[in-house]
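Engineer: For reference, the sequence and a predicted model appear below.
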Amino acid sequence: MQAMKQKTISVRTREILNQYGLVLKKSLGQNFLTDPYVLEKIVQAADLTNHSGVIEIGPGIGALTEKLADVAKRVVAIEIDQRLVPVLNELFKERKNIDVIHGDALKVDLHQVITNHLADVDTVHVVANLPYYVTSPILVRLLEERLPLKNIVVMIQKEVADRLTATPGTKDYGSLTILVQYFAVAKGIARVPGHVFVPRPQVDSAVVKLEIRETPAVEVADEKLFFKLVRAAFGQRRKTLLNALYAGLHSSATKQEIEQWLTSAGIDPKRRGETLNLQEFAALTEVIHSANG
């Protein structure tokens, strides 16, 4: 793998693909990053030390894996494409701090991965170049499972990155924004143009860092109810909050009761869900929880 350092990553990537007769699968969203500057930005954003452990989702043919392993104590690379696993094992056969696992990051027991491979590290980080079609499900899983993570650094489609860092009242603000900001502090790191990937995607990407909070951003008595309200509020964005909740909560509550809950929480029923911040959703959760307690 040291040859990767003597040649441009783009040239080396194409050589490896040709050497192993690999044709990238569009169905898996395979676009391999070849820009060393962006790779360095990702590694820097993760705040790694020689006592850190990294779970890398979707290593591809290992350009980022190698740079992570240069800094971290151990890297566990989870690759869904069975064809790439022997390639990665061959490329990194002399690197004792890289473990390659064949599996789907949506199904692999990540708690077990940490127990089996990262028991002797001080901090655990997730780094990933995520294809668009699994971005949201993977982020939701990483956060909701409350893995013992310090941070998550992901390269994703710019459109999705904008949603993670959005503020109330903007077009990008939605239920994914609320979920991410409930569990983490989201920060944009870099915009990544399509021409630095092999093959080139049709859209630009962005690197986002999620710094995991020690405790959620707001305190709620019923977390399931909190996220149920969020989903209902954004389910029909053009409706007033009163109508969106009435249609989306699927409860026996009458419109009058919902209006009373909103008023008690200090929220105008005529507002739209996209204007509420986390604190207001939390306040509404507490009112409803108390009313139904």
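Structural biologist: Happy to help now that I have it.
Engineer: So the residue of the chain most remote from its centre versus residue 43, what's the distance?
Structural biologist: Distance from the centre of the chain peaks at residue 256, with 38.2 Å (Cα atoms, centre = their mean). The gap separating residue 256 from residue 43 is 55 Å, by Cβ to Cβ, to the nearest Å. No exception for glycine: its C-beta is placed from N, CA and C like everyone else's.
Engineer: do residue 77 as well
Structural biologist: Distance from residue 77 to residue 43, by Cβ to Cβ: 14 Å.
Engineer: Neighbour count: the two, which is higher?
Structural biologist: Taking neighbours as other Cβ atoms under 10 Å, residue 77 and residue 43 compare with residue 77 leading, 27 against 19.
Engineer: Contacts only, for the more buried one.
Structural biologist: Neighbouring residues of residue 77 by Cβ atoms under 8 Å, 6 or more residues apart in numbering: 56, 59, 62, 65, 88, 98, 99, 100, 101.
Engineer: contacting residues around the residue lying closest to it once chain neighbours are set aside?
Structural biologist: Nearest non-adjacent residue to residue 77, counting by Cβ to Cβ, 6 or more residues apart in numbering: residue 59, 3.9 Å away. Residue 59 sits next to 65, 77, 78, 79, 84, 88, 100 when contact means Cβ under 8 Å, 6+ apart.
Engineer: for the residues you listed, which one is nearest residue 184?
Structural biologist: Nearest to residue 184 among the contacts of residue 59, counting by Cβ to Cβ, is residue 78 at 20.3 Å.
Engineer: That closest one contacts residue 113, correct?
Structural biologist: Yes: Residue 78 is in contact with residue 113 according to Cβ atoms under 8 Å; the separation is 7.5 Å.
Engineer: Touching both of these two, which residues are there?
Structural biologist: Residues touching both residue 78 and residue 113 (Cβ under 8 Å, 6+ apart): 55, 101.
Engineer: Now residue 129: closest residue in space, sequence neighbours ignored.
Structural biologist: Leaving out its chain neighbours, the residue that sits closest to residue 129 by Cβ to Cβ, 6+ apart is residue 155, at 4.6 Å.
Engineer: helix, strand or coil for the one you found?
Structural biologist: Applying DSSP: H, G, I helix; E, B strand; the rest coil to residue 155 yields a three-state assignment of strand.
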